[in-house]
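> Show me how the following folds:
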Amino acid sequence: TVTRTSLLTCSLLAAIIGITGFLGFQDATQGNVLNNFSTTTTTNNEYTWMKTSTAASTARVLLGTTMFFVYPLASYIARHALIVLIFRGRLAHGGDDHTVLARRDRRIITTVVLYVSALIPSLLFDNVGTVLAV
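Now for the predicted structure:
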């Protein structure tokens, strides 16, 4: 029930933020709601009543912080699966996952490879939708 409650809460919060972002900007709404807000203190757009550059910048920092802490969790799962897939069945280990996973050099190399393979597309593409569409 904890997982269900957590997912429902996250879905509800995402829906509330998405709907209010759309209602605030209507047809000018961009895919990332934070891109609708000005990055400077002077607003030259039609939404002059929204002097929210500080709040939007704070939201961007918080989003970046969230990604900083979420990335290692996703990387851990991918690293574990990749190490088991690559080194399973090798005669030297006899199929023992603990022996395969316990090697620090494999964990470090696999972590660096996963990190670089995620970093390169993010540096090359401005629109993540392009990366996800492939």
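> Please enumerate the strands of the protein.
Using DSSP state E, no strands are found in the chain.
> Helices of that one, start to end?
Per DSSP state H, the chain carries helices over the ranges 2-25, 53-87, 97-101, 104-124, 128-133.
> Can you redo these as TSV, where the extra columns are mean neighbour count, mean pLDDT and distance to Phe37?
Where C-beta positions appear, they are placed from N, C-alpha and C, glycine not excepted. Listed next are the helices of the chain as TSV, based on neighbours: other C-beta atoms under 10 Å; pLDDT from 0 to 100; distance: least, C-beta to C-beta, whole Å:
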stretch	mean neighbour count	mean pLDDT	distance to Phe37
helix 2-25	11	89	9
helix 53-87	12	80	4
helix 97-101	14	67	44
helix 104-124	12	83	22
helix 128-133	10	57	19
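> Tabulate the ones you listed (TSV), appending distance to Leu34.
Converted to TSV, the helices of the chain look like this (distance: least, C-beta to C-beta, whole Å):
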stretch	distance to Leu34
helix 2-25	9
helix 53-87	6
helix 97-101	38
helix 104-124	17
helix 128-133	13
